[in-house]
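Asker: generate coordinates for the sequence data below:
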Amino acid sequence: MTALQKENLVILIPGMTHVLERNGKEAYVYFENDGAAHMLLDDGEARSGRWRMLDDGYVADWDTGVTGRWALDHEPGSVTYVNRDNAVRFKMIGVLFGNAKNLPRQPV
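Answerer: Have a look, this model is predicted:
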């Protein structure tokens with residue numbers, strides 16, 4: 001696998017919604033162009049925070065106090081999120097343009 005670099009990530013992250021496979025279900029992360037980020041996890045938990053680009057990944061600081069430090073590894077036909085702080089990995093199963101899931105979702 002090869003970690004995607006900034007020249008690829010600037011196309012793949014800002015203004016996009018990433019669809020991840022997490023615990024056999026879909027989770028979504030939307031990256032606003034201004035550095036805001038919103039996430040909807042597979043269990044329904046919603047988070048908002050700030051993200052910033054690195055040369056070989058990104059960091060997101062969530063309103064829950066959690067910080068995610070991620071690299072995106074590429075091999076032909078797939079991209080995998082790899083956590084820089086532990087062995088957690090998530091398969092990216094899609095990229096949607098814009099805020100395709102209307103995040104952050106408001107409580108009903």
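Asker: on the pLDDT front, check the most centrally placed residue in the chain for me.
Answerer: Geometric centre of the chain, nearest residue: Val29, 4.6 Å, by Cα atoms, centre = their mean. Val29 carries a pLDDT value of 98.
Asker: element containing the residue nearest to Val10 when sequence neighbours are not counted?
Answerer: Sequence neighbours aside, Met53 is the residue nearest to Val10 in space, at 7.0 Å (criterion: Cβ to Cβ, 6 or more residues apart in numbering). Using the backbone N, CA and C atoms, a C-beta is placed for each residue, glycine as well. Per DSSP states H and E, Met53 falls inside strand 46-54.
Asker: quick one: name whatever helix or strand follows that strand.
Answerer: Counting by DSSP H and E, the element after strand 46-54 in chain order, helix or strand, is strand 57-62.
Asker: got the angle for that next one vs strand 46-54?
Answerer: Strand 57-62 and strand 46-54 are oriented at 150 degrees to each other (axes from the mean of the first three to the mean of the last three Cα atoms, to 10 degrees).
Asker: buried residues of strand 57-62, list them for me.
Answerer: For strand 57-62, the neighbour count (16 or more other Cβ atoms under 10 Å) marks 57-58, 60, 62 as buried.
Asker: surely Leu96 meets Leu20?
Answerer: No - between Leu96 and Leu20 there is no contact under Cβ atoms under 8 Å: 11.7 Å.
Asker: for Ile11, helix, strand, or coil?
Answerer: With DSSP: H, G, I helix; E, B strand; the rest coil as the basis, Ile11 sits in helix.
Asker: check Glu7 too.
Answerer: Per three-state DSSP, Glu7 ends up helix.
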